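> Let me see the structure of the following:
(one chain, ligands or ions: 2)
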Amino acid sequence: MRKIDIFDTTLRDGEQSAGINLNTAEKIEIARQLERLGVTIIEAGFPASSPGDLDAVQKIASTVKNSIVTGLARCVQSDIDAAWEALKGAEQPHVHVFLATSPIHMEYKLKKSPDQVVEQAIEAVKYAKKFFPLVEWSAEDGFRSDRDFLVRIIEQVIQAGATTINVPDTVGYASPQEYGELFRFLRENVRGADRVKFSAHCHDDLGMAVANSIAAMENGADQIECTINGIGERAGNAALEEIAVALHIRNDFYPVETGINLKEIKRTSQLVSRLTGSLIQPNKAVVGKNAFAHESGIHQDGVLKHKETYEIISPALIGEGEVPLVLGKHSGRAAFRDRAVKMGYELSDEKLNKAFQEFKKLADRKKEITEDDLITLLTEQQVSIEDIALFELKSVQVSYGTDNIPTATASVITPDGDLKTIAATGAGSVEAIFNTLEQLVNSKVNVLDFQVKSVSKGRDALADAVVNVRINGAITTGRDSSQDVLEATANAFIDAINRNIIHENIRQKQTAQV
Ligand SMILES: CC(=O)SCCNC(=O)CCNC(=O)[C@H](O)C(C)(C)COP(=O)(O)OP(=O)(O)OC[C@H]1O[C@@H](n2cnc3c(N)ncnc32)[C@H](O)[C@@H]1OP(=O)(O)O
Ligand SMILES: CC(C)C(=O)C(=O)O
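Residues are numbered from 1 along each chain as shown. Ligands and ions are numbered 1, 2, ... in the order given. Down below sits the predicted model:
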């Protein structure tokens, strides 16, 4: 099968991401993991850019044995000297020299004529070749370069000894079709093309880096340059994990192999994210937190019946553990039942249905349903709480003014079915509510903690109130979310009282069973 070399530039172009700065120990750790991942080449840094980078490249070159280690250099002798200093101890010394070839870069940045650029490239490659058996030469901004000029300069650097020719889309401007065509054109028109490897290096400014890399590969590129998690200058580079997994999953369409050990992908991605401090967006393909998270009922039902209905990549393929179905407001009964069974609950259809209805109500109010929430919902059903009579808050009204004593009037239906209304005062509105409700529930309620916060942003944000109470020595927590802070507070207090009644009931039933 055709082999595609994976050239990882996480430690060079990836480190060029704004805000990322890795020290030598961190770089070595990542390089070791890249070696385990099975990349063909590790671009470990730009030795001339700083003594720290030279040191890191040197240490990586003497540590890594199963991947080729390279360093970047401008077409400048001192850069190539620094690269040699860093890489002379490597198993297979490899250097990556580059020079821009697009009209805009030559005229405004390098301030050189095309002839001068050709001369400088030839000289640099010849110089590099004195030390390095493997020399990659890159035509920076190659995609925006004149095609005839590209053919001319590439032929010259091949003659000078380059072993790999990289044609980057430095500014992420290409479309897959155009970038693919460029590789086909170069393969067909460059004399000596059959003696070298061609390489693709894409940036993601227009979100096409992975597609462009694959298009280049389909049209003659033997190597793809990419980074873990797609980090890199500006919008980043092509993401290694996306390329490797796409080529594996669609092997029917792309009959190539990369040598990447896919099981190491998750670990590598997490390591790079942790050490660079660059968070992975949740919906990022392959390695995002949600990449295998089925949230909606119809999908979950399909996945439970036959995984492949909605899952083209198995989490195990990339070394990720089992991903439980997400239980949220879009979930259906199938996923809810599945989780309940996995948690060890054996509920009748009727009880499961009731727990599911409560779950849906809760999911409307809470972003995330925790394991504890599920335990509460399912346990309440398991021990037949339908027989337990609870308090129901009918109304609450608070009178507050800067010159008045805050007074709350509340009505509840008691577990006996009576409607009771009482008013009481407090130092503030919340205390007035608590004092009133305490009288209505007719128990000594010690409020241990009370917190209220907004669930979302904006004036109409929901208030989430949590009250932690002690009643007869038992501690329970009640919570409620409402549009109004005081209503949420009153409901949370009643919720705590009801939970206490339920738990008391459960305890009594369990004691009776023993
Ligand atoms: C597309 C890419 O990702 S290219 C890699 C980009 N990465 C980096 O730049 C990170 C590391 N860079 C650095 O640390 C510094 O830029 C250094 C050490 C390399 C150079 O620093 P300085 O000497 O201060 O130069 P400075 O960065 O300001 O300017 C770059 C110079 O290199 C020249 N240059 C740019 N590319 C090349 C090249 N491939 N070959 C030769 N010269 C080049 C520029 O024309 C400019 O020259 P000038 O000073 O005569 O105008
Ligand atoms: C140095 C080259 C390969 C580069 O990083 C680019 O063109 O984006």
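> what residues are up against Tyr127?
77, 80 (C-beta atoms under 8 Å, 6 or more residues apart in numbering). (Glycine included, C-beta is placed from N, CA and C.)
> Could I get the CA-only coordinates of stretch 51-58 as CSV?
What follows is stretch 51-58 as a C-alpha-only set of coordinates in CSV (Å, rounded to 0.1, in the frame of the first residue of the first chain):
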residue,chain,number,x,y,z
PRO,A,51,19.7,29.2,22.3
GLY,A,52,16.8,27.5,24.1
ASP,A,53,15.4,26.2,20.8
LEU,A,54,18.8,25.0,19.7
ASP,A,55,19.2,23.2,23.0
ALA,A,56,15.7,21.6,22.8
VAL,A,57,16.3,20.4,19.2
GLN,A,58,19.7,19.0,20.2
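> Quick check: buried residues in that stretch?
Neighbour counts over stretch 51-58 (16 or more other C-beta atoms under 10 Å) mark 53-58 as buried.
> Go through those residues and name the one nearest Ile30.
Using C-beta to C-beta, Ala56 comes nearest to Ile30 of the buried residues of stretch 51-58, at 10.1 Å.
> Can you say which helix or strand has the closest one in it?
Taking DSSP states H and E as the criterion, Ala56 maps to helix 51-63.
> which residues touch the regular element (helix or strand) spanning Val303?
In this structure, Val303 sits in helix 297-305 according to DSSP H and E. The contact list for helix 297-305 (C-beta under 8 Å, 6+ apart) reads 294, 309-311, 325, 330-335, 338.
> repeat that with 10 Å
292-294, 296, 308-311, 325-339 (C-beta atoms under 10 Å, 6 or more residues apart in numbering).
> So how do I select the buried members of the residues you listed in PyMOL?
A single PyMOL command selects the buried members of those (16+ other C-beta under 10 Å):
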select buried, resi 292+293+294+296+325+326+327+328+329+331+332+333+334+335+336+337+338+339
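> got the phi/psi numbers for the closest residue to Lys263 other than its chain neighbours?
Using C-beta to C-beta, 6 or more residues apart in numbering and skipping residues adjacent in sequence, the residue nearest Lys263 is Gly319, 4.2 Å away. Here is the backbone geometry of Gly319 (degrees, to the nearest 10): phi 80, psi 20.
> ok, now which ones touch Ala209?
Contacts of Ala209 by C-beta under 10 Å, 6+ apart are 169, 172, 174, 179, 200-203, 226-227, 230, 232, 235-239, 242-243.
> Next step: the residues you listed restricted to strands.
In this view, the contacts of Ala209 that belong to strands under DSSP state E are 169, 200-202, 226.
> Would you point out the most distant pair within these?
The span of these, defined through C-beta to C-beta, is set by Asp169 and Cys226 at 12.5 Å.
> intersection of neighbour lists for the two?
With C-beta under 10 Å, 6+ apart, Asp169 and Cys226 have common neighbours 200-202, 209, 213, 238.
> Just name the shakiest helix or strand of the chain by mean pLDDT.
helix 371-382 (a mean of 78; mean pLDDT, DSSP states H and E).
> where exactly do the strands run in the stretch 1-150 of the chain?
In the stretch 1-150 of the chain, the strands defined using DSSP state E, counting those that start in this stretch lie at 2-3, 5-8, 41-45, 68-74, 94-100, 134-140.
> chain center to the longest helix along the chain: distance?
Determined from DSSP state H, the single longest helix within the chain is helix 485-513. Centroid separation for helix 485-513 versus its chain: 39 Å, with C-alpha atoms, centre = their mean, to the nearest Å.
> mind starting the numbering at 52 from now?
From this message on, residue numbering opens at 52, which makes the last subject helix 536-564.
> What residues of it count as buried?
In helix 536-564, the ones that count as buried by 16+ other C-beta under 10 Å are 536-554, 556-557.
> Low-confidence stretches in the stretch 202-351 of the chain?
Nowhere does the stretch 202-351 of the chain drop to pLDDT under 70.
> any chance you could map the helices in it?
Ranges of helices in the stretch 202-351 of the chain, per DSSP state H, counting those that start in this stretch, are 227-240, 260-269, 291-300, 316-327, 348-356.
> Packing partners of the third one?
Counting contacts by 3 or more C-beta pairs under 10 Å, 6 or more residues apart in numbering; DSSP states H and E, the secondary-structure elements packed against helix 291-300 are strand 56-59, helix 75-88, helix 260-269, strand 274-277, strand 307-308, helix 316-327.
> if you set the cut-off to 8 Å instead, what comes out?
Using 3 or more C-beta pairs under 8 Å, 6 or more residues apart in numbering; DSSP states H and E, the elements in contact with helix 291-300 are strand 56-59, helix 260-269, strand 274-277, helix 316-327.
> For the stretch 252-401 of the chain, what lies in contact range of ligand 1?
Taking C-beta under 6 Å from any ligand atom as the criterion, the stretch 252-401 of the chain approaches ligand 1 at residues Glu284.
> Just want the residue of the stretch 252-401 of the chain that's nearest ligand 1.
Glu284 (5.6 Å; C-beta to the nearest ligand atom).
> For that residue, which non-adjacent residue is closest in space?
Distances taken as C-beta to C-beta, 6+ apart place Gln67 nearest to Glu284, at 4.4 Å, with adjacent residues excluded.
> Domain ranges for the chain, per the record?
53-327, 348-433, 438-564 (automatic domain parsing).
> So which bits of this protein are right by ligand 2?
So the chain meets ligand 2 at 64, 149, 189, 191, 217, 219, 221, 252, 254 (C-beta under 6 Å from any ligand atom).
> Check for me that Asp511 belongs to a helix.
No: looking at Asp511 with DSSP: H, G, I helix; E, B strand; the rest coil, it is coil, so not inside a helix.
> That one is in contact with Asp535, isn't it?
No: at 10.8 Å, Asp511 and Asp535 do not qualify as touching, with contact defined as C-beta atoms under 8 Å.
> So for those two, which residue has more residues nearby?
Ranked by neighbour count (other C-beta atoms under 10 Å), Asp511 and Asp535 place Asp535 first, with 14 against 8.
> Do I have it right that the more buried one meets Ala516?
No: contact between Asp535 and Ala516 fails when scored by C-beta under 8 Å: they sit 10.0 Å apart.
> Look up the closest residue to Thr528, ignoring the ones flanking it.
Spatially, and ignoring its direct neighbours in sequence, Thr528 is nearest to Asn519 (4.9 Å; C-beta to C-beta, 6+ apart).
> Report the separation between the one you found and ligand 2.
Applying C-beta to the nearest ligand atom, to the nearest Å, the value for Asn519 to ligand 2 is 56 Å.
> Pull the distance from the particular helix or strand that has that residue in it to the chain's centre.
Taking DSSP H and E as the criterion, Asn519 maps to strand 514-522. Relative to its parent chain, strand 514-522 has a centroid offset of 34 Å by C-alpha atoms, centre = their mean.
> Can you list the neighbours in contact with it?
So strand 514-522 is contacted by 494-506, 526-536, 539-540, 542-544, 546-548, 551 (C-beta under 8 Å, 6+ apart).
> Could you rerun that using 7 Å?
Identification of contacts with strand 514-522 by C-beta atoms under 7 Å, 6 or more residues apart in numbering yields 494, 496-506, 526-533, 535-536, 539-540, 543-544, 547, 551.
> quick one: contacts for whichever residue of the stretch 102-251 of the chain sits closest to ligand 1?
At 3.2 Å from ligand 1, Arg125 is the closest residue in the stretch 102-251 of the chain, using C-beta to the nearest ligand atom. Shown in contact with Arg125 (C-beta under 7 Å, 6+ apart): Phe149.
> List the beta-bridge partners for it.
Phe149 (DSSP bridges).
> Can you tell me the SS state at Ser494?
Going by three-state DSSP: Ser494 is coil.
> Skipping adjacent residues, who's closest to it in space?
In space, and not counting its chain neighbours, Ser494 is closest to Ile522: 5.5 Å by C-beta to C-beta, 6+ apart.
> repeat for Arg63
Nearest to Arg63 is Glu94, by C-beta to C-beta, 6+ apart, at 4.2 Å.
> Could you report the neighbour count for the one you found?
Neighbours of Glu94 under the rule other C-beta under 10 Å: 27.
> again, but for Asn217
23.
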